[in-house]
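A.B. asks: my questions are about this predicted structure, shown below with the sequence.
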Amino acid sequence: MTAILDLQIASTGDNIPSQADFQLWTDTVLTHLNLTEREMTIRVVDEDEIQQLNHQYRGKDKTTNVLSFPFEQPALFLPAGITLDPASISDEMPNLLGDLVVCTQVVATEAEQQNKIISHHWAHMIIHGTLHLLGYDHIEDDEADIMESLEITLLHKLAIDDPYQDH
């Protein structure tokens, strides 16, 4: 197992994947990237909570499918006169990746509108969000190409079609 998951179900929605599904999807990402023992929280919510979080953290007063909150390493403040040997400070990514918040109703609506199998869309949202926690982004075209290519590769490992093809 490569992902240590804290799964929080705070939704009354239908078609919420199992713990095993979430584990498979996150493990697929981490294994492909040769990462082990990374911890993350996945919180499954309803529309009111995702809208409030989207408004609070992104300034967008609307629902969304998934929000990613990468862990930010706090600065280390040492008392005066105390120093650390620079060789003892690791540049490795911390084991704590961060939090994903996924909206049940938005995922279901998108899957229906895009003619996708709902479990496949859930897998895509979890993989997409996990990649964000790992620092991948899609703001710039070249970044989007890299991230989408990786998503397609990971979903293919799960026997899931390219989510970016026309449906």
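C.D. replies: Right, received. Where do you want to start?
A.B. asks: hey, let's count contacts and neighbours off CA atoms from now on
C.D. replies: Noted.
A.B. asks: apart from its chain neighbours, what residue comes closest to the most centrally placed residue in the chain?
C.D. replies: Nearest residue to the geometric centre of the chain (Cα atoms, centre = their mean): residue 129, 2.3 Å. Closest residue to residue 129 apart from its sequence neighbours, by Cα to Cα, 6 or more residues apart in numbering: residue 68 at 5.7 Å.
A.B. asks: surely that neighbour is within a strand?
C.D. replies: Yes - counting by DSSP: H, G, I helix; E, B strand; the rest coil, residue 68 is part of a strand.
A.B. asks: ok, now how distant is residue 16 from residue 146?
C.D. replies: 29 Å (Cα to Cα, to the nearest Å).
A.B. asks: with neighbour numbers in mind, choose between those two.
C.D. replies: Shown here are residue 16 and residue 146; by other Cα atoms under 10 Å, residue 16 has more neighbours (20 against 13).
A.B. asks: any idea whether that one is helix, strand or coil?
C.D. replies: When classified by three-state DSSP, residue 16 comes out as coil.
A.B. asks: just checking, it touches residue 105?
C.D. replies: No - in this structure, residue 16 is not within contact of residue 105 by Cα atoms under 8 Å, at 9.8 Å.
A.B. asks: what sits in contact with each of the two?
C.D. replies: Shared contacts of residue 16 and residue 105 (Cα atoms under 8 Å, 6 or more residues apart in numbering): none.
A.B. asks: all the strands of the protein, in order from the start?
C.D. replies: In the chain, the segments counted as strands under DSSP state E are 3-10, 38-45, 66-70, 96-103.
A.B. asks: which one of those strands lies nearest to residue 163?
C.D. replies: For the strands of the chain, proximity to residue 163 was assessed by Cα to Cα; strand 66-70 is nearest, at 15.4 Å.
A.B. asks: how far off centre is the closest one?
C.D. replies: Its chain's average C-alpha position is 6 Å from that of strand 66-70, according to Cα atoms, centre = their mean, to the nearest Å.
A.B. asks: again, but for stretch 48-55
C.D. replies: The chain centroid and the centroid of stretch 48-55 are separated by 17 Å under Cα atoms, centre = their mean.
A.B. asks: CA atoms only: put that stretch into CSV for me.
C.D. replies: What follows is stretch 48-55, C-alpha atoms only, in CSV (Å, rounded to 0.1, in the frame of the first residue of the first chain):
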residue,chain,number,x,y,z
ASP,A,48,-23.3,23.4,-0.2
GLU,A,49,-19.9,22.5,1.4
ILE,A,50,-17.9,22.5,-1.9
GLN,A,51,-19.5,25.8,-2.9
GLN,A,52,-18.5,27.4,0.5
LEU,A,53,-15.0,26.1,0.2
ASN,A,54,-14.7,27.2,-3.4
HIS,A,55,-15.8,30.7,-2.4
